[in-house]
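S.K.: After the sequence you'll find the predicted model.
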Amino acid sequence: MRHRRIDGVVDAIGQTPLVRLRRVGREVPGVEIWLKLEFFNPGGSVKDRAARQMLLDAVADGRLTRERRIIDSTSGNTGVAYAMLGAALGYGVTLVMPANVSAARKNITRAYGAELVFSDPMEGSDGAIRKVREMVAQQPERWFYPDQYSNPSNPLAHYLGTGREILDQIGDRITHFVAGLGTSGTMMGTTRRLREHRRRIHCVAVEPAEPLHGLEGLKHMATSIVPAIYDPSLPDEILAVGTEEGWELAERLAREEGLHVGHSTGANVAC
C-alpha cells in the first residue's frame, strides 16, 4: 500500500497501519496491545475518515453544491479534516470552534483557507455547537451543515473503513476494541462492523472521568449535548479515564514507543 498511486489527497485517507506497543504492553504479560496509527491520514487524525464520508455522501445526493459553504463546529481535528478536504474538493469552509483551541489547530485550518469563528471558551465544544446552529438557522440557504454529531455518515465511515481494516489486519486474534467518545462515530461504526465478525469482540468506550477535563476531543456524556449518533447500549462497557492518566500515557507513548500522540489516545491506551 505504501507504493500506491492516488488521484488526490482524498484517496490517501484510510488504510492506516497497526503497531504493537511492546514496552507499554509489558505491564500486561500475555496480552498484545495494538494501536491503529490514525495520524497516518493526511489531515493527521481519525477525523479525516468521517469528514470525507460526510462530504462525499452530501455531494452525491445533492445536499452539498457549489453555491453552499461547508460549516460545522469542531474542537480541532474534524476542523482540520474539513479544511483540508474543502481545499482539495474546491468548497469554502467555515469552522466554529472554542476560542481556546490550540494555536496549532487555528494555524493549520487557516493555512487550508478556512474561515474561523470563535465561541465562548468556557462553554467548550457544546458552546461551538450552539453557535453554529444559530448561524445556520439565520442563513440556511448559505450553508451546508454536515453536523458531525448527528450525521449517520460519520459512523458509516468507520463501519466501512476502520472496522473492516482492523479485521483485515488482525483477524481472529482480536479480543477487545477500545475507542474514545467524542462525536462517538469511531466507536459506533467500528463496533457495528466488529459485531458482524464470527468471534465475539468486547468493545469498550472511553470517556473522561470529570465534566471539566483536559482530554481534548472527548465528551463527558452525562454533562454534554449528547450526539444523536450515540447509542449507549452498543458498547459492552464504558470506562472513565482521568485527565492525568491520559496525559501520562501520552507522554509514555512518546518516551517508550516513539509515538507522539494526543491525550485522547493516551486515555484510550490507559483504558
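M.R.: Received the coordinates, thanks.
S.K.: Find the nearest non-adjacent residue to Ala254, please.
M.R.: Nearest residue to Ala254, sequence neighbours excluded (C-beta to C-beta, 6 or more residues apart in numbering): His260, at 5.1 Å. C-beta here means a position set from N, CA and C on the backbone, and glycine is covered the same way.
S.K.: gap between the two ends of stretch 222-229?
M.R.: Counting by C-alpha to C-alpha, to the nearest Å, you get 15 Å between the two ends of stretch 222-229.
S.K.: where in this protein is pLDDT low?
M.R.: 1-2 (pLDDT under 70).
S.K.: Can you show me the helices along it?
M.R.: Ranges of helices in the chain, per DSSP state H, are 47-61, 77-89, 103-111, 124-138, 153-157, 163-170, 185-195, 243-257, 263-270.
S.K.: got the CA coordinates for stretch 79-90 in CSV?
M.R.: The C-alpha coordinates for stretch 79-90 follow below in CSV (Å, rounded to 0.1, in the frame of the first residue of the first chain):
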residue,chain,number,x,y,z
GLY,A,79,-11.9,21.1,11.5
VAL,A,80,-8.5,20.3,10.1
ALA,A,81,-10.2,17.5,8.0
TYR,A,82,-12.9,19.8,6.7
ALA,A,83,-10.4,22.5,5.8
MET,A,84,-8.1,20.0,4.0
LEU,A,85,-11.0,18.4,2.1
GLY,A,86,-12.6,21.6,1.3
ALA,A,87,-9.4,22.8,-0.3
ALA,A,88,-9.0,19.5,-2.2
LEU,A,89,-12.6,19.4,-3.4
GLY,A,90,-13.0,23.1,-4.1
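S.K.: Counting neighbours, which bits of it end up buried?
M.R.: Gly79, Val80, Ala81, Tyr82, Ala83, Met84, Leu85, Gly86, Ala87, Ala88, Leu89 (16 or more other C-beta atoms under 10 Å).
S.K.: pretty sure the last one contacts Val10?
M.R.: What that stands for is Leu89. Yes - judged on C-beta atoms under 8 Å, Leu89 makes contact with Val10 at a distance of 7.0 Å.
S.K.: How much space separates Asp172 from Thr190?
M.R.: Applying C-beta to C-beta, to the nearest Å, the value for Asp172 to Thr190 is 17 Å.
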